[in-house]
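J.: Predicted structure and sequence below. I'll ask about it afterward.
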Amino acid sequence: MVEWLTDHFSALQGWFFESAVQPLVYAVGLGGWTEDAFDATGWLLVGLIQILVLLAVIGPLQRWRPAELVVDKRAIRTDILYTLIHRLGFFRLAIFFLLQPVFDDALGSLRGSGWGTLHLDELWPGVTDVPWIAFAMYLVVLDFVEYLIHRGQHGFTWWWGLHSLHHSQQQMTMWSDNRNHLLDDVIHDIIIVVVAQLIGVAPGQFIAVVAFTQLSESLQHANLRLSFGAIGERLWISPRFHRLHHSIGLGHESGGAKTLGGHNFGVLLPWWDMLFRTVNFEPRYDATGIRDQIEPDASGQLRDYGRGFWAQQLFALKRMVGRG
């Protein structure tokens, strides 16, 4: 199945590149970038497929069983902008031009120092090199790294200053997953790319892991009253499970106190929350957001995280340095 999907995606990528992207690359005088443009075509296709799935599958599910009434369409439109920036490759294109040389130099230095790549799919020849088994292994390892990153976003005050932008959405929908500060995403992607390189994730597998993870996260953030049941909730993260992570006073606070902490940090698998005792399986669908959006501070003010893209980006930077 994995090979079938990979082969068909590669064929589609080749056709789209040759018929649309390559002529454009040569037309603007960037013929020396054709190999990089081919890779970018893959990310663009993944994003287009994801958006189609959002509109055709997850969108109807939201209308079928909404967790809450939609009252702030402007906030949702801003989230759509975040999604288009990330899923259609604009963010990855910027990362490529700005940070790819840094990645190459850093990884080259590591390997030059004797830190070679550990290919997990070679651990047990004949078993771990089976495509779907290798995919599952890389998915689990990277998901554990995602859990650790998420704990860091909620554990370090400066990092929470950036990540709080994601939690400030009080009208969660399938578009809310990419509502992040750009610097927060850069930090996240650097860690994931470096780990993926060090454990030997092939480019095609990496794209598949990222695409699969992003679609699951879109479902988790959906305005959807959906649980996977007593067993399913312990195998895969559901919209109900993740909504608790966004719940005011519960998802990002410890014991209701105004301190960093929280529950349900897992990205795909609830196993890490269960292992590290940060799990909460309560059957609740609470309001989402951050406490300081609804409880005034000592001066009687509510914290405003911004309404538009640039206002939100600027405010999160101020929060990161303790001025917001």
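T.: Cool, got the structure.
J.: CA atoms for contacts and neighbours, from now on please.
T.: Will do.
J.: Would you confirm that E282 belongs to a strand?
T.: No: counting by DSSP: H, G, I helix; E, B strand; the rest coil, one finds E282 to be coil, located in no strand.
J.: ok, the residue most central in space within the chain - contacts?
T.: Centroid-nearest residue in the chain, with C-alpha atoms, centre = their mean: Q214, separated by 5.5 Å. Shown in contact with Q214 (C-alpha atoms under 8 Å, 6 or more residues apart in numbering): D177.
J.: so where's this protein shaky on pLDDT?
T.: 1-2, 96-101, 110, 114-116, 253-260 (pLDDT under 70).
J.: which helix in it runs the most residues?
T.: Longest helix in the chain by number of residues (criterion: DSSP state H): helix 131-155.
J.: ok, and what's touching that one?
T.: In contact with helix 131-155 (C-alpha under 8 Å, 6+ apart) are residues 1-3, 120-121, 127-128, 159-160, 163, 188, 192, 195-196, 201, 205, 209, 252, 260-262, 265-269, 272.
J.: So how do I select the buried members of those in PyMOL?
T.: Filtering the contacts of helix 131-155 down to the buried ones (16 or more other C-alpha atoms under 10 Å) takes a single PyMOL command:
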select buried, resi 120+121+128+159+160+163+188+192+195+196+201+205+209+252+260+261+262+265+266+267+268+269+272
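J.: so of the contacts of helix 131-155, which ones are in helices?
T.: Per DSSP H, these map to helices at 2-3, 159-160, 163, 188, 192, 195-196, 205, 209, 272.
J.: From E68, how far off is E233?
T.: 21 Å (C-alpha to C-alpha, to the nearest Å).
J.: For the ones in helices among the contacts of helix 131-155, work out which two are farthest apart.
T.: E3 and W160 (39.6 Å; C-alpha to C-alpha).
J.: got the buried residues for the host helix or strand of P23?
T.: Here P23, judged by DSSP states H and E, is contained in helix 22-27. Burial within helix 22-27, assessed by neighbour count using 16+ other C-alpha under 10 Å, is assigned to 22, 25.
J.: helices and strands around that helix, which ones?
T.: Packing partners of helix 22-27 (3 or more C-alpha pairs under 8 Å, 6 or more residues apart in numbering; DSSP states H and E): helix 34-53.
J.: roughly how far out does the helix it packs on sit from the chain middle?
T.: 16 Å (C-alpha atoms, centre = their mean, to the nearest Å).
J.: Which is the succeeding secondary structure element to that helix?
T.: helix 59-64.
J.: For R87, which non-adjacent residue is spatially closest?
T.: Of all residues not flanking R87 in the chain, G47 sits nearest, at 4.4 Å (C-alpha to C-alpha, 6 or more residues apart in numbering).
J.: which residues touch the one you found?
T.: Here G47 is in contact with 87-89, 211 (C-alpha under 8 Å, 6+ apart).
J.: got the contact list for the helix holding P23?
T.: Residues contacting helix 22-27 (C-alpha under 8 Å, 6+ apart): 31, 33-34, 37-38.
J.: pretty sure A67 contacts Y285?
T.: Yes: counting by C-alpha atoms under 8 Å, A67 does reach Y285; the two are 6.8 Å apart.
J.: Can you check which residues contact both of the two?
T.: R225.
J.: Which parts of stretch 275-289 count as buried, going by neighbours?
T.: 278-281, 285-289.
J.: likewise stretch 34-54?
T.: 34, 37-38, 40-48, 50-51, 54.
J.: So what touches the one helix or strand F241 maps to?
T.: F241 belongs to helix 239-245 when assigned by DSSP H and E. With contacts defined as C-alpha under 8 Å, 6+ apart, helix 239-245 is touched by 219-227, 233, 250-252, 262-265, 280-281, 283-286, 288.
J.: Kindly recompute the last result at 7 Å.
T.: With contact meaning C-alpha atoms under 7 Å, 6 or more residues apart in numbering, helix 239-245 is reached by 219-222, 224-227, 250-252, 263-265, 281, 285-286.
J.: Among those residues, name the buried ones.
T.: 219-222, 224-226, 250-252, 263-265, 281, 285-286.
J.: now P283, nearest residue through space, not along the chain?
T.: Closest residue to P283 apart from its sequence neighbours, by C-alpha to C-alpha, 6+ apart: R240 at 7.4 Å.
J.: And that neighbour, how far from G289?
T.: 15 Å.
J.: A67 now?
T.: 14 Å.
J.: One more: S19?
T.: S19 is 45 Å from G289, by C-alpha to C-alpha.
J.: three-state assignment of R303?
T.: coil.
J.: hang on, isn't it packed against Q293?
T.: Yes: here R303 lies in contact with Q293, judged by C-alpha atoms under 7 Å, at a distance of 5.3 Å.
J.: before we move on, back to that, can you list the ones in helices among the contacts of helix 131-155 in TSV and add distance to L317?
T.: Output for the ones in helices among the contacts of helix 131-155, formatted as TSV (distance: C-alpha to C-alpha, whole Å):
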residue	distance to L317
V2	41
E3	43
W159	10
W160	11
H163	10
H188	16
I192	22
V195	26
A196	28
Q205	34
V209	30
W272	30
